[in-house]
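1. missing the sequence, but the structure's below:
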């Protein structure tokens with residue numbers, strides 16, 4: 001926190017000097033929001049799953065072709081004490097002209113056209129501290145890097161370079177109701193120290209070219225990265241009374257493409273990607289240092305329907321295929337996931353009813369969030385709803401006892 005406070009003091013001093021130099025050509029914009037989120041488990045012991053309040057501050061400074069953006073969160077979390085504090089979210093400068101757009105610093109980079117599913121969108125990792133029971137934009141973790149775009153009316157070319165990779169944040173502590181270790185009933189140890197060294201040879205880089213054609217947008221992408229979600233090997237002790245675990249990270253190359261086609265009241269979206277050398281999770285027990293990498297092929301097809309009268313319906317199907325399959329791999333050779341999102345605006349668009357579902361076809365499990373959002377004013381939103389987890393196998397089944405009621409209050413400024 002001291003480092004962030006020092007940074008903010010330096011930033012304020014620098015901006016003061018900059019603005020005094022030529023105050024007529026510089027513009028400042030300060031905005032953000034305050035939100036308070038609380039969730040209660042819907043079954044015994046009816047404990048609080050989440051209780052947190054946050055101030056998000058965002059500052060944008062523009063001067064000619066250059067700009068700067070800084071955002072940070074000041075959070076008080078009653079459940080997870082290590083999540084209380086002042087946290088820098090994004091901080092970057094930007095230089096843009098008619099043909100070039102350069103962004104340098106801590107930033108969120110998004111690729112692809114999928115909604116809530118990662119296919120080619122592998123640059124920025126995810127924060128699973130509360131799994132998916134939080135806004136999707138809040139789940140993304142910014143990365144410290146460089147992004148350069150060449151702009152043309154009919155196409156864009158984008159290059160990214162990340163000197164030091166960021167990785168998924170997983171809930172591991174016993175105090176967290178969303179801990180991925182909650183189902184383990186025996187003593188265990190977890191080694192998370194295999195994170196790649198911070199050196200040039202471990203940097204990430206990639207590129208994307210997007211074409212804006214008549215009636216269709218198409219993008220091609222490639223990325224030299226890592227499996228940012230750790231693969232954890234598990235092994236039992238000699239007496240089978242303890243569990244040993246070790247997290248692994250390996251290089252991953254991605255080649256992908258996506259497209260979006262509007263057709264009247266419909267929008268068709270498609271996204272495909274080949275993951276070359278993707279690290280696979282292995283069945284227990286296994287040698288803690290054993291790893292298997294396979295080429296996998298991932299595809300998504302989505303359909304958005306806007307029938308009018310403030311209705312929106314969105315459906316996606318995602319499929320993953322593991323080539324040269326080995327029976328020791330813990331997941332199936334073919335796996336499928338469906339998402340369904342329906343929303344309706346009421347009361348002159350001040351109220352929004354919505355329901356979003358992830359359905360795991362492979363293991364017949366699902367996660368559904370149904371909510372009501374009411375705009376009390378243009379600045380104040382009140383939201384309430386229910387998160388429902390169901391299943392006996394798969395990632396959603398892990399949280400089958402975590403179904404919860406939630407409320408959120410948000411003031412934007």
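-> Great, that's in hand. In this text the structure is predicted, and so the values were computed from the model without any measurement.
2. For residue 4, give me the pLDDT.
-> Listed pLDDT for residue 4 reads 58.
3. now the one 5 residues further on
-> The confidence metric pLDDT takes the value 61 at residue 9.
4. One more: residue 240?
-> 86.
5. what about it, is that helix, strand or coil?
-> With DSSP: H, G, I helix; E, B strand; the rest coil as the basis, residue 240 sits in coil.
6. what's the answer for residue 69, then?
-> strand.
7. if I pick it, what's in contact with it?
-> Neighbour list for residue 69: 58-61, 90-94 [criterion: Cβ atoms under 8 Å, 6 or more residues apart in numbering]. Placement of C-beta: from N, CA and C, glycine included.
8. hey, what's the residue most central in space within the chain bridged with?
-> The residue lying closest to the centre of the chain (Cα atoms, centre = their mean) is residue 140, at 3.3 Å. Beta-bridge partners of residue 140, counted by DSSP bridges, are residue 126.
9. just to revisit the earlier point, let me have the contacts of residue 69 in TSV, adding distance to residue 74 as columns.
-> Below are the contacts of residue 69 laid out as TSV (distance: Cβ to Cβ, whole Å):
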residue	distance to residue 74
58	12
59	14
60	18
61	20
90	15
91	15
92	20
93	23
94	24
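10. what's the spacing between the residue nearest to the centre of the chain and residue 243?
-> Per Cβ to Cβ, to the nearest Å, residue 140 is found 31 Å from residue 243.
11. ok, now residue 280?
-> 20 Å.
12. and what of residue 264?
-> 55 Å.
13. neighbour count winner among those two?
-> residue 243 (19 against 7; other Cβ atoms under 10 Å).
14. mind listing what the closest residue to the more buried one other than its chain neighbours touches?
-> Closest residue to residue 243 apart from its sequence neighbours, by Cβ to Cβ, 6 or more residues apart in numbering: residue 188 at 4.0 Å. Neighbouring residues of residue 188 by Cβ under 8 Å, 6+ apart: 181, 242-245.
15. Which one of those is nearest to residue 43?
-> Nearest to residue 43 out of those is residue 181 (Cβ to Cβ; 20.5 Å).
16. does that closest one belong to a helix or a strand, and which?
-> Per DSSP states H and E: residue 181 is located in neither a helix nor a strand.
17. If I look at it, what pLDDT would I see?
-> Reading off the model, residue 181 has pLDDT 90.
18. For the residue lying closest to it once chain neighbours are set aside, give me its contacts.
-> Of all residues not flanking residue 181 in the chain, residue 172 sits nearest, at 6.0 Å (Cβ to Cβ, 6+ apart). By Cβ under 8 Å, 6+ apart, the contact list for residue 172 reads 179-181, 190, 192.
19. Make sure I have this right: residue 172 is in a strand.
-> No: under three-state DSSP, residue 172 falls outside any strand and is assigned coil.
20. Can you give me the distance of it to residue 287?
-> 22 Å.
21. hang on, the earlier thing: closest one of the contacts of residue 172 to residue 129?
-> residue 179 (9.8 Å).
22. what helix or strand does the closest residue to residue 399 other than its chain neighbours sit in?
-> Excluding its sequence neighbours, the residue lying closest to residue 399 (Cβ to Cβ, 6+ apart) is residue 389, at 4.4 Å. Residue 389 is part of strand 380-390 when elements are defined by DSSP H and E.
23. Please identify the pairing partners of that strand and their relative orientation?
-> Going by DSSP bridges, the partners of strand 380-390 are strand 365-375 (antiparallel), strand 404-412 (antiparallel).
24. now the shortest one: how far from the chain's centre is it?
-> Okay, so that is strand 404-412. 20 Å (Cα atoms, centre = their mean, to the nearest Å).
25. what do you get for the first one?
-> Relative to the chain's own centre, strand 365-375 is displaced by 18 Å; criterion: Cα atoms, centre = their mean.
26. Run through who's touching it.
-> Contacts for strand 365-375 (Cβ under 8 Å, 6+ apart): 132-133, 350-360, 381-397, 399-400.
27. Go again with 7 Å.
-> Under the criterion Cβ atoms under 7 Å, 6 or more residues apart in numbering, residues 132, 350-360, 381-391, 393-394, 396-397 lie in contact with strand 365-375.
28. what stretches of the stretch 1-150 of the chain score poorly on pLDDT?
-> Scanning the stretch 1-150 of the chain for pLDDT under 70 picks out 1-24.
29. Do a quick rundown of the strands in it.
-> Here the stretch 1-150 of the chain has its strands, by DSSP state E, counting those that start in this stretch, at 26-41, 48-63, 66-77, 85-96, 100-107, 143-152.
30. nearest to residue 410, of those?
-> Per Cβ to Cβ, nearest to residue 410 of those: strand 26-41, 4.1 Å.
31. In the one helix or strand residue 233 maps to, which residues are buried?
-> Here residue 233, judged by DSSP H and E, is contained in strand 231-236. Residues 231-235 are the ones in strand 231-236 that count as buried (16 or more other Cβ atoms under 10 Å).
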